[in-house]
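> missing the sequence, but the structure's below:
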């Protein structure tokens, strides 16, 4: 296939294991799927290391590198000759990779990874699971995934490698739905497994939920919904997520499920959910894991991120020393450990606050401004207003827990030297109104900007913000994903076409 040759040519031409910068902007899903780094995000929550790992269907090694980092020997099962050459070339400098054509029943593995394998056509899922289960060591772990026939993506009219046409979810050899998966998994794995829902999927996992730990408020502020297949979606996918959560049926309609089976006793203090920021530079990529003992740990995805994480921890302690209310935290073994706060973010409370009256909303932003001024020394006052020695630019509603007028800051990662306090308020207002469009009808954004004398500097602050977000979210490196981003107007256009009215009424 032409795509396979192109992928192999990229591997041959570059003596590296990491291709994000090389494939940046290539609008080809297969290239990003096989060579990009974002697919490894979910693995970071489960892979801790061991003697031997087995990867079923390794392809061109998108997940293999992470296994090689953690296991003494990784057995990559692959039969396609292009993929075999790709694996050998990509990991030419590794000594712990073994490529095999089929499994050997006398060898046991500490970890078996079978991602995007069980839903391939003509696969006997139950038989395959039983065989893989039999290859585990006494305390071995099996990680696999299953795509949901009734997933949000498909119900919106989406297509992918498993559903090639819109709404073609009932067909011979179809995907399973949640109840069918539960019956099969219980039959094969008994009760010794955990199920997680990667959002929006495992290929670009940004959040992981379990039945025991579903969001109680909106997830749209955390979600980047994308579609590299050019689907004819007639519903904007993010619109459904929050509604399904409100109705208590999200678990049945998740796009995909990750299954983690423990051959021995399941560990104590298991993960119940996670938030993952993988689409950032490696030094600032983190995962935040919520555990069933009501603790939370934040860890760097890559070794080079530990220093940045420690600086974030230090920022929080500095704010605490200046009287700004922040969450409790401790630095332990290269990660931050925190108690779990069962509180909504201020961002998720702003609409209800606004509905109480303009005065309540104005008072809330006045409070935020006072805490911004408290956060650092004011080194001068100029045309922008007070200029802070250090601007903690994440002091915005997204990063504040809220409870009846009480504020509690978290995740204060980014700082800006000699920062106008007004710029931080600009960010607070910008994202509040962007993420809650309904606010505009209750209290116009322009009115809030005028209240804090931001109007004259909107262009300047926007330029600063775009540059910051572009670096932080790696617009260049992951440009294809931003071009693949779901947009509500696309769904509207497709609905008109279905109705036979391609133009606006």
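Right, received. Where do you want to start? Note that the structure is a prediction, hence the values are computed from the model and not measured.

> what is the burial count for residue 230?
Each residue near residue 230 was counted by other C-beta atoms under 10 Å, and the total is 11. Any C-beta I mention is one placed from the backbone N, CA and C, and that applies to glycine too.

> domain ranges for this structure?
Structural domains assigned to the chain are 2-296, 303-339, 347-472, following automatic domain parsing.

> export those domains as CSV, with columns for distance to residue 478 and mean pLDDT.
Shown next, in CSV, are those (distance: least, C-beta to C-beta, whole Å; pLDDT from 0 to 100):
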stretch, distance to residue 478, mean pLDDT
domain 2-296, 5, 93
domain 303-339, 17, 97
domain 347-472, 11, 96
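
> of these, which is nearest residue 494?
Closest to residue 494 of the domains of the chain is domain 2-296 (C-beta to C-beta; 4.8 Å).

> and that closest one, how far from the chain's centre?
Relative to its parent chain, domain 2-296 has a centroid offset of 13 Å by C-alpha atoms, centre = their mean, to the nearest Å.

> please, where are all the strands along the stretch 401-505 of the chain?
Assignment of strands within the stretch 401-505 of the chain using DSSP state E, counting those that start in this stretch yields the ranges 406-409, 415-420.

> dump the ones you listed into CSV; add mean neighbour count and distance to residue 321 as well.
Formatted as CSV, the entries for the strands of the stretch 401-505 of the chain read as follows, by neighbours: other C-beta atoms under 10 Å; distance: least, C-beta to C-beta, whole Å:
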stretch, mean neighbour count, distance to residue 321
strand 406-409, 18, 13
strand 415-420, 17, 15
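
> what does stretch 18-26 contact?
Residues outside stretch 18-26 that contact it (C-beta atoms under 8 Å, 6 or more residues apart in numbering) are 10-11, 14, 16, 31-32, 35-37, 65, 474, 476-480.

> gap between the two ends of it?
Terminal residues of stretch 18-26 lie 15 Å apart, using C-alpha to C-alpha, to the nearest Å.

> next, the buried residues of that stretch.
Buried residues in stretch 18-26, counting neighbours by 16 or more other C-beta atoms under 10 Å, are found at 19, 20, 22, 23, 24, 26.

> look up phi and psi at residue 136.
Backbone torsions of residue 136, given as degrees, to the nearest 10, read phi -80, psi 150.

> repeat for residue 33
With angles defined as degrees, to the nearest 10, residue 33 sits at phi -60, psi -40.

> so it versus residue 283, what's the distance?
Spatial separation of residue 33 from residue 283 under the definition C-beta to C-beta, to the nearest Å is 25 Å.

> let's see the ChimeraX selection covering just the buried ones among the contacts of stretch 18-26.
In ChimeraX syntax, the buried subset of the contacts of stretch 18-26 is picked out as below (16+ other C-beta under 10 Å):
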select :10,11,14,31,32,35,36,37,65,474,477,478,480
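
> of the contacts of stretch 18-26, which is the nearest to residue 160?
Nearest to residue 160 among the contacts of stretch 18-26, counting by C-beta to C-beta, is residue 32 at 13.2 Å.

> for the helix or strand hosting that closest one, packing partners?
Following DSSP states H and E, the helix or strand that holds residue 32 is helix 29-35. Under the contact definition 3 or more C-beta pairs under 8 Å, 6 or more residues apart in numbering; DSSP states H and E, helix 29-35 sits against helix 2-13, helix 20-23.

> show me what counts as buried in the longest one.
By neighbour count, with 16+ other C-beta under 10 Å as the criterion, the buried positions of helix 2-13 are 4, 7, 8, 10, 11.

> want to throw these into CSV with distance to residue 101?
Formatted as CSV, the buried residues of helix 2-13 follow (distance: C-beta to C-beta, whole Å):
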residue, distance to residue 101
4, 18
7, 20
8, 19
10, 24
11, 20
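
> any chance of the domains of the chain in TSV, plus distance to residue 499?
Converted to TSV, those look like this (distance: least, C-beta to C-beta, whole Å):
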stretch	distance to residue 499
domain 2-296	10
domain 303-339	49
domain 347-472	25
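
> with respect to residue 488, which of the ones you listed lies nearest?
Ranking the domains of the chain by distance to residue 488, with C-beta to C-beta as the measure, places domain 2-296 first at 4.2 Å.

> what about residue 345, how many neighbours?
Neighbour count of residue 345, defined by other C-beta under 10 Å: 19.

> coming back round to it: just send the helices and strands packed on helix 29-35 back as JSON lines, with distance to residue 277 too.
Converted to JSON lines, those look like this (distance: least, C-beta to C-beta, whole Å):
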{"stretch": "helix 2-13", "distance to residue 277": "26"}
{"stretch": "helix 20-23", "distance to residue 277": "15"}
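
> compare those helices and give me the one nearest residue 104.
Minimum separation from residue 104 across those (C-beta to C-beta) falls at helix 2-13, 27.0 Å.

> ok, residues contacting that closest one?
Contact with helix 2-13 is made by 19, 22-23, 28, 30-31, 34-35, 60, 80, 82-83, 85-86, 89-90, as judged by C-beta under 8 Å, 6+ apart.

> just to revisit the earlier point, minimum distance to residue 490: which of the domains of the chain has it?
Judging those by C-beta to C-beta, what sits closest to residue 490 is domain 2-296, at 6.6 Å.
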